[in-house]
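# fold the following and give me the result.
(chains A and B)
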Amino acid sequence: MSADDRAYEPPEIEELPADDGPAVTAAIQSVPPLAAEWRRDAAPEDD
Amino acid sequence: MRRLIDESFTLRRLARRAGWRSHHMRDRPPARPVGAKLELTHACNLRCGFCYTDSPRHTLLRTPDLPDEAWHRIATEAADLGVIELVLSGGEPFLRRDLVVSLLDALGERDVGLTLNTNGWFVDDALADRLAEVPGLMVDISIDGATPALHDTSRGVPGSWRRAVGAVGRLLDRGVPVQVVHVVTPVNQGSFEAFLEQMWTLGVTSVRATPVVEVGAAARGGSWKVNRDRLRRTIRAFQRSHGEGMRVLLQPGNAGVLAIHDQAAPASMLVRPTGAVMTDSLHPFTFGNAAEDGLEACWRQVRERWSDPQISRWAGSLRRSSDLASASVVPYLHDEIPVGTGGTQLPTSASHASDPVPEKAQPKDDSGDPAANLDRAREHVRRLALDRRYRLGPARVGGGEGDFYVRQTESGQVVRLNGTAALMLEELDDATPAEAVGRLAERFSGLERSRLEADVLDTGRSLARQGILVPAGSR
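Numbering: from 1, shown residues only, chains lettered A, B, ... in the order given. Below is the predicted model:
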């Protein structure tokens, strides 16, 4: 693991919703567009 | 509205007449008891003025308890009867340490949910190691304040805060879930917020705040009224800022079971140190003796006699929770009354309201300045949290470059970590937060150490709650 050590970013921990079963599988299984949390760089309209 | 109904006897009775039902309404006890609480001893090493079991009085009197063999028979019978949860309590149960450990060993094999109530005084490393071997054990430890001065005054014995906090730390170090029970009084209610912050730092699993119930020693007098609305607001504000990582529960009022006695039949039983069987700590009635009659026969009595007019009359005389202290028979302050002795009048029961109780000792760890006391206590708790060693739990880490995903293998829960959180996870594997802070401070040299410490402690706590990190001492 590595972090950008040039600047300190506060730690963030986000619990992914598991309502649809395993979070990763749910994203892979979903018909595009993928869930937003897996495409953090994507603008909302890209979804 | 639901809260008002929970706490007002009149509203509760009106609501019942209007057809309202709550989840614990039950016309009669179930065929078999669902839970049991075993009060293994009358004795306690502390001297709490609100003790609902009035243990300090019994300690002075040396009131005899059932022998070990009798408790083993009762516990086995409880498990055989199908009890799903069992609480071991006192007095202070660890005054009978060998008995407690052997009961936990026996019951742990029966898949019974086990809770142990203790003041923590006697939980040393060796005992904490033994408790960590009991599957599914939850330990409830009483702490009544954010400073030794508050807790030790409340508990009447100097040094009890350090012992209690030390016990919590030892058990959490070994992965044993700890619920801290916080008796709220007019004296400590003002520092409830500081107390919750401190318990968060310490890493406790949950906090249960319980205003004093005016039975036992508390019924001798004194003012115990606290502002429940203020407590609720403090809890809500705490959960907004800290999330749900530490559950905080406020014990509901007593109206639920007392105001509608005929619709709130018991599902559990309580066994006093003499073997006398009660239904709970609020009703002063006994239904046989577990050591002499056997638990099954006692439960039969509960089922047959729960609607006895003696009980209805007693419960009907209560208008509010505080009436418990002035009722004709006060649980734990009067001798218990066997039910079914005939008639609607309660037989005479001896009161122990004027019996001698041990003197409280003054706290020693008190600078006289509450703010300085709190600073010192915070530092003590912070040290315990910083020295807890963690290791990576059953989890698999994926992703990279500031965008990590961790799957907890047993729960299947996935969490996303940013780069800093992932770095902290790596640094906390087989390390203490203090060691991780030391290494991270070199990397982020411009950052205030106190900020880094707080972040590492919070991150460690969150990851431990997810089961991604586990205390290195856990099995």
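# what comes up buried for stretch B:221-240?
Judged by neighbour count using 16 or more other CB atoms under 10 Å in any protein chain shown, the buried positions of stretch B:221-240 are B:224, B:226, B:228, B:231, B:234, B:235, B:238. Yep, even glycine has a C-beta here, placed from its N, CA and C like the rest.
# for chain B, which spans come out with low pLDDT?
B:1-9, B:12, B:16, B:20-24, B:254-257, B:259-260, B:262, B:341-344 (pLDDT under 70).
# quick one: name the residues of it near chain A.
By the rule CB under 8 Å from any CB of the partner chain, the part of chain B lying against chain A is B:397, B:400-405, B:407, B:412-426, B:443-444, B:446-447, B:455, B:458-459, B:462-463, B:466.
# among those residues, name the ones in strands.
Among the residues of chain B next to chain A, the ones falling in strands (DSSP state E) are B:397, B:400, B:403, B:404, B:405, B:407, B:414, B:415, B:416, B:417, B:418.
# for the last one, give me its contacts.
Residues touching residue B:418, when contacts are defined by CB atoms under 8 Å, 6 or more residues apart in numbering or on different chains, comprise A:9, A:11, A:12, B:402, B:403, B:404.
# residue B:179 contacts residue B:207, doesn't it?
Yes - counting by CB atoms under 8 Å, residue B:179 sits close enough to residue B:207 to count as a contact (7.1 Å).
# can you list the contacts of residue B:418 in JSON lines and add distance to residue B:364?
Output for the contacts of residue B:418, formatted as JSON lines (distance: CB to CB, whole Å):
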{"residue": "A:9", "distance to residue B:364": "45"}
{"residue": "A:11", "distance to residue B:364": "40"}
{"residue": "A:12", "distance to residue B:364": "44"}
{"residue": "B:402", "distance to residue B:364": "51"}
{"residue": "B:403", "distance to residue B:364": "53"}
{"residue": "B:404", "distance to residue B:364": "48"}
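# are any of those residues buried, and which?
For those, burial is judged from neighbour counts taken by 16+ other CB under 10 Å, and it is met by A:11, B:402, B:404.
# more neighbours: residue B:179 and residue B:207, which one.
A count of neighbours by other CB atoms under 10 Å in any protein chain shown puts residue B:207 above the other of residue B:179 and residue B:207, at 23 against 19.
# before we move on, back to that, wait, which of the buried residues of stretch B:221-240 is closest to residue B:154?
Using CB to CB, residue B:224 comes nearest to residue B:154 of the buried residues of stretch B:221-240, at 11.6 Å.
# which residue sits closest to that closest one, ignoring its sequence neighbours?
In space, and not counting its chain neighbours, residue B:224 is closest to residue B:212: 3.8 Å by CB to CB, 6 or more residues apart in numbering or on different chains.
# I'd say that neighbour and residue B:50 touch.
Yes - taking CB under 8 Å as the definition, residue B:212 is a contact partner of residue B:50 at 4.5 Å.
# who touches both of those two?
Shared contacts of residue B:212 and residue B:50, defined by CB under 8 Å, 6+ apart, comprise B:183, B:185, B:218, B:224.
# can you pull out the strands in the stretch 51-200 of chain B?
If DSSP state E, counting those that start in this stretch is used as the criterion, the strands of the stretch 51-200 of chain B fall at B:85-89, B:113-118, B:137-142, B:178-184.
# which stretch among those strands comes nearest residue B:19?
Residue B:19 lies closest, by CB to CB, to one member of those: strand B:85-89, at 30.7 Å.
# contacts for the closest one?
B:34-40, B:75, B:78-79, B:100, B:103-104, B:107, B:112-117.
# recalculate using a threshold of 7 Å.
The list of residues contacting strand B:85-89 from outside it, by CB atoms under 7 Å, 6 or more residues apart in numbering or on different chains, reads B:35-40, B:78, B:100, B:103, B:107, B:112-117.
# same check on stretch B:107-126?
The set of residues external to stretch B:107-126 that reach it, using CB under 7 Å, 6+ apart, is B:45-46, B:75, B:79, B:83-89, B:92-94, B:97, B:104, B:134-142, B:160, B:163-164, B:167-168, B:170-171.
# give me the buried positions along it.
The neighbour-count check on stretch B:107-126 (16+ other CB under 10 Å) flags B:107, B:112, B:114, B:115, B:116, B:117, B:118, B:119, B:120, B:121, B:122, B:123 as buried.
# over to stretch B:403-415?
Within stretch B:403-415, the residues that count as buried by 16+ other CB under 10 Å are B:404, B:405, B:406, B:407, B:408, B:413, B:414, B:415.
# same check on stretch B:176-189?
By 16+ other CB under 10 Å, the buried positions in stretch B:176-189 come out as B:176, B:178, B:179, B:180, B:181, B:182, B:183, B:184, B:185, B:188, B:189.
# make a markdown table out of those and add distance to residue B:274.
A markdown table is the format used below for these (distance: CB to CB, whole Å):
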| residue | distance to residue B:274 |
| --- | --- |
| B:176 | 30 |
| B:178 | 30 |
| B:179 | 28 |
| B:180 | 29 |
| B:181 | 24 |
| B:182 | 29 |
| B:183 | 25 |
| B:184 | 30 |
| B:185 | 29 |
| B:188 | 32 |
| B:189 | 35 |
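# okay, now the unreliable bits of chain A?
Judged by pLDDT under 70, the stretches of chain A that qualify are A:1-6, A:18-47.
# still on that earlier bit, switch the buried residues of stretch B:107-126 over to JSON lines; also include distance to residue B:29.
Written out in JSON lines, the entries for the buried residues of stretch B:107-126 read as follows (distance: CB to CB, whole Å):
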{"residue": "B:107", "distance to residue B:29": "22"}
{"residue": "B:112", "distance to residue B:29": "19"}
{"residue": "B:114", "distance to residue B:29": "22"}
{"residue": "B:115", "distance to residue B:29": "21"}
{"residue": "B:116", "distance to residue B:29": "25"}
{"residue": "B:117", "distance to residue B:29": "23"}
{"residue": "B:118", "distance to residue B:29": "29"}
{"residue": "B:119", "distance to residue B:29": "31"}
{"residue": "B:120", "distance to residue B:29": "34"}
{"residue": "B:121", "distance to residue B:29": "36"}
{"residue": "B:122", "distance to residue B:29": "35"}
{"residue": "B:123", "distance to residue B:29": "35"}
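# enumerate every residue touching the residue of the stretch 51-200 of chain B found nearest chain A.
Relative to chain A, the nearest point of the stretch 51-200 of chain B is residue B:200 (15.3 Å; CB to the nearest CB). Contacts for residue B:200 were tallied using CB under 7 Å, 6+ apart; they are B:242, B:246.
# check the one 3 residues further on too.
With contacts taken as CB under 7 Å, 6+ apart, residue B:203 has the following neighbours: B:172, B:385, B:388, B:461, B:464.
# okay if I get these as TSV plus neighbour count and distance to residue B:370?
As requested, these are exported to TSV (neighbours: other CB atoms under 10 Å in any protein chain shown; distance: CB to CB, whole Å):
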residue	neighbour count	distance to residue B:370
B:172	24	27
B:385	22	22
B:388	23	28
B:461	22	27
B:464	22	31
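# residue contacts, residue B:357?
B:56, B:57, B:60, B:217.
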